[in-house]
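Peer 1: Whatever this is, show me its structure:
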Amino acid sequence: MLASHDIALLPPIPGPWGNVRSNAKALAAHTCGLPVTSGLNYAELHRLVSSPAMRAHLGQQGYAEVVMRGSAAQSAAEWLALLLAHRLEKSNNHA
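Peer 2: Below you'll find the predicted structure:
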């Protein structure tokens, strides 16, 4: 159903819940090749609605970003780096 749309409109969630919200919806939209907007900038939204070429370009960019950064190997490498940094920080604090 998501892939049948032209634009993913993802307005921000107000308050503290907005600060901890997952980006899963944006990732799903990008994976479908959709441009993502919050809808808060009317001029941006108007350009997206008016320009199929702009939607296609931004959708392709989002998809490429997901492919580049969303691989299991990339994710595993980032988690390993985070865990090693935490381990090093913890050992430095106890020294």
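
Peer 1: Could you use CA atoms for every contact and neighbour count after this?
Peer 2: Noted.

Peer 1: all strands of the protein, in order?
Peer 2: Assigned by DSSP state E, the chain shows strands spanning 8-9, 36-37.

Peer 1: Can you list the strands that the first one pairs with?
Peer 2: According to DSSP bridges, strand 8-9 forms sheet pairs with strand 36-37 (parallel).

Peer 1: who's in contact with Gly33?
Peer 2: Gly33 sits next to 3, 56, 59-60, 62-63 when contact means CA atoms under 8 Å, 6 or more residues apart in numbering.

Peer 1: wouldn't Pro11 be in contact with Leu45 here?
Peer 2: No: contact status for Pro11 versus Leu45: not in contact, 11.8 Å apart, counting by CA atoms under 8 Å.

Peer 1: These two - which one has more neighbours?
Peer 2: The residue with more neighbours, out of Pro11 and Leu45, is Leu45; 16 against 12, by other CA atoms under 10 Å.

Peer 1: hmm, back to that, got the strands of the chain as a markdown table, with mean neighbour count and distance to Gln74 columns?
Peer 2: Shown next, in a markdown table, are those (neighbours: other CA atoms under 10 Å; distance: least, CA to CA, whole Å):
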| stretch | mean neighbour count | distance to Gln74 |
| --- | --- | --- |
| strand 8-9 | 20 | 25 |
| strand 36-37 | 20 | 23 |
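
Peer 1: can you tell me which of the ones you listed comes nearest to Ala72?
Peer 2: strand 36-37 (23.2 Å; CA to CA).

Peer 1: Of all the helices and strands in the chain, which has the lowest average confidence?
Peer 2: Every helix and strand of the chain was ranked by mean pLDDT, DSSP states H and E. The lowest is helix 16-19, at a mean of 79.

Peer 1: shaky segments in the chain?
Peer 2: Where the chain drops to pLDDT under 70, the residues are 95.

Peer 1: Start from the N-terminal end of it and give the helices.
Peer 2: Ranges of helices in the chain, per DSSP state H, are 16-19, 24-31, 42-50, 52-69, 72-93.

Peer 1: Adding distance to Ile7, write these out as JSON lines.
Peer 2: Formatted as JSON lines, the helices of the chain follow (distance: least, CA to CA, whole Å):
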{"stretch": "helix 16-19", "distance to Ile7": "21"}
{"stretch": "helix 24-31", "distance to Ile7": "8"}
{"stretch": "helix 42-50", "distance to Ile7": "8"}
{"stretch": "helix 52-69", "distance to Ile7": "7"}
{"stretch": "helix 72-93", "distance to Ile7": "27"}
